[in-house]
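Participant: Show me the folded form of this:
(chains A, B, C, D, E and F)
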4 protein chains.
Amino acid sequence: MAEQSRPLRADAARNRARVLQVAYETFAAEGLAVPIDEIARRAGVGAGTVYRHFPTKESLFQAIVADRMGHLIDVARGMAADDPGQGLFKFLHYMLEEGSADQGLADALAGIGIDLGASVPDGEREFMQMLAELLAAAQAAGCVRSDVAAKDVKTLLVGLQAMQRYRGDDAELVFRIVLDGLASSPGQFPAGSRDCLSR
Amino acid sequence: MAEQSRPLRADAARNRARVLQVAYETFAAEGLAVPIDEIARRAGVGAGTVYRHFPTKESLFQAIVADRMGHLIDVARGMAADDPGQGLFKFLHYMLEEGSADQGLADALAGIGIDLGASVPDGEREFMQMLAELLAAAQAAGCVRSDVAAKDVKTLLVGLQAMQRYRGDDAELVFRIVLDGLASSPGQFPAGSRDCLSR
Amino acid sequence: MAEQSRPLRADAARNRARVLQVAYETFAAEGLAVPIDEIARRAGVGAGTVYRHFPTKESLFQAIVADRMGHLIDVARGMAADDPGQGLFKFLHYMLEEGSADQGLADALAGIGIDLGASVPDGEREFMQMLAELLAAAQAAGCVRSDVAAKDVKTLLVGLQAMQRYRGDDAELVFRIVLDGLASSPGQFPAGSRDCLSR
Amino acid sequence: MAEQSRPLRADAARNRARVLQVAYETFAAEGLAVPIDEIARRAGVGAGTVYRHFPTKESLFQAIVADRMGHLIDVARGMAADDPGQGLFKFLHYMLEEGSADQGLADALAGIGIDLGASVPDGEREFMQMLAELLAAAQAAGCVRSDVAAKDVKTLLVGLQAMQRYRGDDAELVFRIVLDGLASSPGQFPAGSRDCLSR
DNA sequence: TATGAATGAGTGTTCATTCAT
DNA sequence: CATGAATGAACACTCATTCAT
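Facilitator: Numbering: from 1, shown residues only, chains lettered A, B, ... in the order given. Predicted structure coming up:
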């Protein structure tokens, strides 16, 4: 997403992408404590090459998160276009299913070991704006409580990811509980919102 | 629950309690990565003293968790006795308020860096049993969906703690959303449960 | 052997002897690296008590060695009185059999980790003098080469102990080889010395 | 004997050899307790460099021993080719002269702090086989008792090294005594073996 | 530019020794 | 005097980062 000053040579770009992918999978599967040397080994490059592309370990985290956020934003926009009313719910489900093993990203999102807001302010802002759009559409369709804001949805997402991580594949009921709460009206329980949660 | 074979000498007990307290606060505020030497320094003792009481860093985590769990179980039992119907909600609120900075405990509960079930199996079992009691009372009073089990409440708690950690003091609305979901009936939305969430 | 300024109280003397015995056995069986705390535990006393009697770990080594040397000197004197010609060989065999597990003492004698000559000069001197007496008697009986001195016998003893330690219970042949060499005449092989090695 | 999969870079090989040499000399002179940091300092490298080449302290011991054994085996083969009858005696002398300060190796050989058989099984086996060849040649020439086996020679070597270590440069007489014993015939003393010990 | 070797500060843990109880 | 808790200097080992090849 961020441009390099000079476009990378083909092999350099390949290396960069390779490291990013391997690092994402490794951190997601095994946590942020995996050494850079190990990432380099798995990517089939030298440690120096990792540091050429990502001058610190933290910058590698940031690049991964930015990359993932870009992907998520693309997915979300597509969902919003398809179905404004249910787009938000679909997106939340997508994140939880896709990121079921995404411990590294979730840790990062939850602020463990890295301050996301400060690290990838652009991606964060874009992500929040996308959430706001999904939310507005869902609220316009009467599917979501009118008193929640985008940052509340983000907070719920953080919590949902923690539950997913804790519970593994067996979290469907608790997801339903949270999403029920999100769909209900603030003062009184909604009636017409039944069909927003068809899934 | 079971104490040492011989009661510790007064000064040793004081040091042990001091280390436990300092370690709890420090890990809660700054995560599990803080060095033991730093814990010792803040507690005003030598590193060797920490290791006399807690022979490994992990055993210190376990002692903290066991200590906190014991406290929580006591609190919960009191709340259940006072108000069976709302006891569960009160307890969840208590945990979230008390543990607002309790990042270390939350990490541990979520299984990050320590396997709770294996580490303090007694505390874990007792904690789950206590949750089950609170839950049964709340369900008997018609305040909580009938299809949730104690392990679901535990999962929700993990998620709530993550939200608390992410959002800080401003999480009241998202808590309300989750607890609304927990209170709603499974199949149809409104129940007579309005007054269970008076808080 | 060495006198205290004030005679120890009965219980203090008992503690001292206890620690000495336990330390001897433990170091002999497990090497010099065993912690003082462990010695204290096995002796059933506090670590402070060990340090009251032996102000450093090295001083405990020295006391053990002095104690053992005193014992060996007593044994040797008895053997010399019984049989001047074979006394030396009998004594060497005695040391090897008694000290078969005496790794700690052997280490110390071989100068590993402690300088014996400097540590227990009195015991060392007495031990050497005793060896000289045994040797003189054996040489007078024509059982040992005339060109060896007491310090050579000591050196051979160090070597024999190393072999014992390395080979365990199966060292009889190599002992015989060394003792044959000791019995032979310097320039030409002896003839009459046959019966000195009856064992 | 088997080298690394890829030959080391020139500078890395230099560092590896330097560490090996410094470690050998240091452990030989001061025992196995010298810290790795000190080895690194004396070799003029960082501690990490030592650990890059030898991932544990024990693996450094093993590498030293394997290195020395390889060297000794080469030397021994040469001596056996030159003079079958006296090859064994020459080799024993060589080891004692070369290894006059070789406390670390002797400790290792004697099983103090490291289990040689388990650590460098190939080197150990090759070393024993080489000893067996030297011994067979010496026995065929009538220079060594017919009832000794290679493992006895090894045991004598351990003892001789202990004597060397204890006595320093002044051990010629005791060596002579032991080698006389090795040369003598088992049942009767003189043999025609006079001229085997010309040295 | 890629490599991987080198660096060195930092971490958990041990243990000889001291000292309050 | 005995006890055992406290101390703190080491030590083996790791890993983010730099740099020679």
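Participant: So is stretch A:160-178 next to chain B?
Facilitator: Yes: with Cβ under 8 Å from any Cβ of the partner chain as the criterion, chain B is reached by stretch A:160-178 at A:160-163, A:165-167, A:171, A:173-174, A:176-178. To be clear about C-beta, it is placed using only N, CA and C from the backbone, and glycine gets the same treatment.
Participant: Could you count how many residues lie near the residue in chain A positioned nearest to DNA strand E?
Facilitator: For chain A, the residue closest to DNA strand E is residue A:48, as judged by Cβ to the nearest atom of the strand, at 1.9 Å. Residue A:48 has 8 neighbours, counted by other Cβ atoms under 10 Å in any protein chain shown.
Participant: Give me the buried entries from the residues of stretch A:160-178 next to chain B.
Facilitator: A:160-163, A:165-167, A:171, A:173-174, A:176-178 (16 or more other Cβ atoms under 10 Å in any protein chain shown).
Participant: ok, back up a step: in terms of helices and strands, where is the residue of chain A closest to DNA strand E?
Facilitator: Taking DSSP states H and E as the criterion, residue A:48 maps to helix A:47-53.
Participant: if we look at that helix, which residues are touching it?
Facilitator: The contact list for helix A:47-53, computed with Cβ atoms under 8 Å, 6 or more residues apart in numbering or on different chains, reads A:12, A:15, A:16, A:19, A:36, A:37, A:39, A:40, A:43, A:60.
Participant: now with 7 Å?
Facilitator: A:15, A:16, A:19, A:36, A:37, A:39, A:40 (Cβ atoms under 7 Å, 6 or more residues apart in numbering or on different chains).
Participant: go on, stretch A:67-76?
Facilitator: Taking Cβ under 7 Å, 6+ apart as the rule, stretch A:67-76 contacts A:1, A:20, A:91, A:94, A:95, A:105, A:120, A:123, A:126, A:127, A:130, A:134.
Participant: just the CA coordinates of it, formatted as PDB?
Facilitator: The C-alpha atoms that make up stretch A:67-76 are tabulated as PDB, following Å, rounded to 0.1, in the frame of the first residue of the first chain:
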ATOM      1  CA  ASP A  67      -1.300  -5.300   4.700                       C
ATOM      2  CA  ARG A  68      -4.100  -7.200   6.500                       C
ATOM      3  CA  MET A  69      -6.100  -4.000   7.000                       C
ATOM      4  CA  GLY A  70      -5.900  -3.200   3.300                       C
ATOM      5  CA  HIS A  71      -7.300  -6.600   2.600                       C
ATOM      6  CA  LEU A  72     -10.000  -6.300   5.100                       C
ATOM      7  CA  ILE A  73     -11.100  -2.900   3.900                       C
ATOM      8  CA  ASP A  74     -11.400  -4.300   0.400                       C
ATOM      9  CA  VAL A  75     -13.500  -7.200   1.500                       C
ATOM     10  CA  ALA A  76     -15.700  -4.900   3.600                       C
END
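Participant: right, is whatever helix or strand residue A:88 lives in up against chain B?
Facilitator: Element membership of residue A:88, judged by DSSP H and E, is helix A:87-98. No: residues of helix A:87-98 contacting chain B under Cβ under 7 Å from any Cβ of the partner chain: none, with a closest distance of 11.3 Å.
Participant: Quick check: buried residues in that helix?
Facilitator: A:87, A:88, A:89, A:90, A:91, A:92, A:93, A:95, A:96.
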